[in-house]
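Peer 1: Starting from these lines, generate the structure:
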Amino acid sequence: MRTRRGLQRANTFPVLRVRRGAKRVLGVCVALHSLSFLLWEDDEASHPIFLLWVRQAASWDPLPPSVFSAIQWIQFVMATLSVIGSSSLIAYIVFQNIQKSPEIRPLFYLSFSDLLLGICWLIEALLYGTSIVNKDIVCYNLQAVGQIFYISSFLYTVNYIWYLYKELRMKHKQHGQSTFPPVIDYTCQVGQIAIILSSLIPLLLMIPVFCLGNASECFHNFSQSHRCILMYSPPSAMAELLPSADASVCSTLYFYGLTIFLASFLLSLLTIVVLLIQTQTLYKKFVKSTGFLGSEQWAVIHIMEQRVRFYPVAFFCCWGPAVILMIVKLTKPQDTKLHMALYVLQALTASSQGLLNCGVYGWTQYNFYHLKQEARRDADTQTPLLCSQKRFYSRGLHPLESTLAFATSTSTIL
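Peer 2: Got it, this is the predicted structure:
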């Protein structure tokens, strides 16, 4: 009995030692945790090594590296396709020598902005996983430049829709009368001013991000490689706590850029929807006022109705995931699974703006070209009586030609 009790006591000694050791380790952890709060409130410059260790641990991102690698490749592929699409659209406009026309000029600048934005996305994807000198500075300024380009693309799109609406309204008011050059010149001048403002406003809005951000060394937020491929990555704990970085300025600039992006997107989307609805209404009035309404004109109206529904959807599909991601990060910062899905979706859609614009432009051009071919074949098979009736109802203005001419100009909306 004594031997068994002695063995039981001998076996319980290691367990008691382990429990006592665990309590000691727990006490040391609590003491270090309390000490970290004391050091947090103390002068940061006097404890650089300890604070650097704490901040590196706090800046750990819960997303797995495989997600960042997938985002990099998606962004690389879509940015490459976007550069190809916008470049082909610019080349088409230049070869046709129509870049100076008032209705094509906003499209040309929109495609040029998509090209530069695609190049920025492509460079960011190539920088992921590489080690170069001052990589954090390059990524910080590259994302600020990218924000200038996609806000400019928002404004260029609104500018073109506005020009389309003004042109249709002027044609509807002056139907059956001679055109007034002062009105046309006024519209062209306003359009030129709008193009200039579409280029200057994003640049002026981003000046604080360049000046204050670099002066306060907010680029330390991009010291981690994956932050170069993520839109509006929040200030990391290490960046906020570095003695050389001004945490308040960096946080303010982060929310400032986020507010500009959300406000510009929502205002642009609302303006596009309102203008396209009004354009569709005026277009129907314009076609009906010409007198004779043929099947070809109804086909053009049907195409315009499709584009009125499709363009806001395409615009939202391109930037909607990025907007939803920004809102979710503000409301649910701990939902990493939802962040991961939205990051991948945002890399797939936001990087493809140039490709999407080029695709929609080519699709509309093909439909209008096919419509012209059908109209010409129908004109060859019409009887003289039907042709005279069309000329009588049109009252000197052939409705199909005017409709197709306007439809051809409106096909350059993208």
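Peer 1: which stretches of the stretch 201-350 of the chain have low pLDDT?
Peer 2: Under the criterion of pLDDT under 70, the regions of the stretch 201-350 of the chain flagged as low confidence span 221-225, 233-247, 286-309, 335.
Peer 1: at 90 instead, please
Peer 2: 212-255, 257, 272-273, 275-320, 325-344, 347, 350 (pLDDT under 90).
Peer 1: Would you map the helices across it?
Peer 2: Counting by DSSP state H, counting those that start in this stretch, the stretch 201-350 of the chain has these helices, from start to end: 207-215, 237-241, 247-288, 295-331, 336-349.
Peer 1: so what's L325 closest to, chain neighbours aside?
Peer 2: L342 (4.0 Å; Cβ to Cβ, 6 or more residues apart in numbering). For every residue, glycine as well, the C-beta is placed using N, CA and C.
Peer 1: wait, what's in contact with that neighbour?
Peer 2: Contacts for L342 were tallied using Cβ atoms under 8 Å, 6 or more residues apart in numbering; they are 321, 324-325, 328.
Peer 1: hmm, back to that, and the helices of the stretch 201-350 of the chain, which is most packed in?
Peer 2: Among the helices of the stretch 201-350 of the chain, ranked by average contacts under mean count of other Cβ atoms under 10 Å, first place goes to helix 237-241 (a mean of 20).
Peer 1: Can I get the helices of the stretch 201-350 of the chain in CSV including distance to L107?
Peer 2: Putting the helices of the stretch 201-350 of the chain into CSV (distance: least, Cβ to Cβ, whole Å) gives the following:
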stretch, distance to L107
helix 207-215, 28
helix 237-241, 40
helix 247-288, 15
helix 295-331, 13
helix 336-349, 21
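Peer 1: Quick one: closest of these to S152.
Peer 2: Proximity of those to S152 was assessed by Cβ to Cβ; the nearest stretch is helix 247-288, lying at 9.7 Å.
Peer 1: who does the closest one touch, helix- and strand-wise?
Peer 2: Packed against helix 247-288 by the contact rule (3 or more Cβ pairs under 8 Å, 6 or more residues apart in numbering; DSSP states H and E) you find helix 135-173, helix 207-215, helix 237-241, helix 295-331, helix 399-410.
Peer 1: can you dump the C-alpha coordinates of stretch 360-373 into PDB?
Peer 2: Presented in PDB, the C-alpha positions along stretch 360-373 are these (Å, rounded to 0.1, in the frame of the first residue of the first chain):
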ATOM      1  CA  VAL A 360     -19.900  47.300 -75.300                       C
ATOM      2  CA  TYR A 361     -18.700  49.800 -78.000                       C
ATOM      3  CA  GLY A 362     -18.000  47.000 -80.500                       C
ATOM      4  CA  TRP A 363     -21.300  45.300 -79.700                       C
ATOM      5  CA  THR A 364     -23.300  48.500 -80.300                       C
ATOM      6  CA  GLN A 365     -21.300  49.300 -83.500                       C
ATOM      7  CA  TYR A 366     -22.000  45.800 -84.900                       C
ATOM      8  CA  ASN A 367     -25.700  46.100 -84.200                       C
ATOM      9  CA  PHE A 368     -26.000  49.500 -85.800                       C
ATOM     10  CA  TYR A 369     -24.000  48.300 -88.800                       C
ATOM     11  CA  HIS A 370     -26.300  45.300 -89.200                       C
ATOM     12  CA  LEU A 371     -29.300  47.600 -88.900                       C
ATOM     13  CA  LYS A 372     -28.000  49.800 -91.700                       C
ATOM     14  CA  GLN A 373     -27.500  46.800 -94.000                       C
END
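Peer 1: Excluding chain neighbours, what is closest to Y160?
Peer 2: By the measure of Cβ to Cβ, 6+ apart, the closest residue to Y160 outside its immediate chain neighbours is P106, 3.7 Å from it.
Peer 1: Phi, psi for the one you found please.
Peer 2: phi -60, psi -40 (degrees, to the nearest 10).
Peer 1: Now that it has come up, it's in contact with V158, right?
Peer 2: No: taking contacts as Cβ atoms under 8 Å, P106 lies outside contact range of V158: 9.1 Å.
Peer 1: the more surrounded of these two?
Peer 2: Under the neighbour definition other Cβ atoms under 10 Å, P106 and V158 were set side by side, and P106 has more, 25 against 21.
Peer 1: quick one: contacts for the more buried one?
Peer 2: For P106, the contacting residues are 156-157, 159-160, 163, 191, 195, by Cβ under 8 Å, 6+ apart.
Peer 1: Now render these as TSV, adding distance to V249 and neighbour count.
Peer 2: Below are the contacts of P106 laid out as TSV (distance: Cβ to Cβ, whole Å; neighbours: other Cβ atoms under 10 Å):
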residue	distance to V249	neighbour count
Y156	31	25
T157	32	25
N159	33	22
Y160	37	27
Y163	40	24
G191	38	20
I195	33	21
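Peer 1: For the closest residue to L205 other than its chain neighbours, list the residues it contacts.
Peer 2: Distances taken as Cβ to Cβ, 6+ apart place I260 nearest to L205, at 5.6 Å, with adjacent residues excluded. Contacts for I260 were tallied using Cβ under 8 Å, 6+ apart; they are 147, 151, 205-206.
Peer 1: for E103, helix, strand, or coil?
Peer 2: coil (DSSP: H, G, I helix; E, B strand; the rest coil).
Peer 1: and it, how many neighbours does it have?
Peer 2: As a measure of burial, E103 has 17 neighbours, counting by other Cβ under 10 Å.
Peer 1: Check I148 too.
Peer 2: Around I148 sit 22 other residues, with neighbours defined as other Cβ under 10 Å.
Peer 1: Surely it and L204 touch.
Peer 2: No: between I148 and L204 no contact is recorded; they are 9.8 Å apart, counting by Cβ under 8 Å.
Peer 1: Let me see the contact set for the closest residue to G85 other than its chain neighbours.
Peer 2: Leaving aside its chain neighbours, G85 sits nearest to C358 (3.4 Å; criterion: Cβ to Cβ, 6+ apart). Taking Cβ under 8 Å, 6+ apart, we find C358 in contact with 85-86, 88-89, 111, 414.
Peer 1: What of L355?
Peer 2: For L355, the contacting residues are 78, 81-82, 84-86, taking Cβ under 8 Å, 6+ apart as the criterion.
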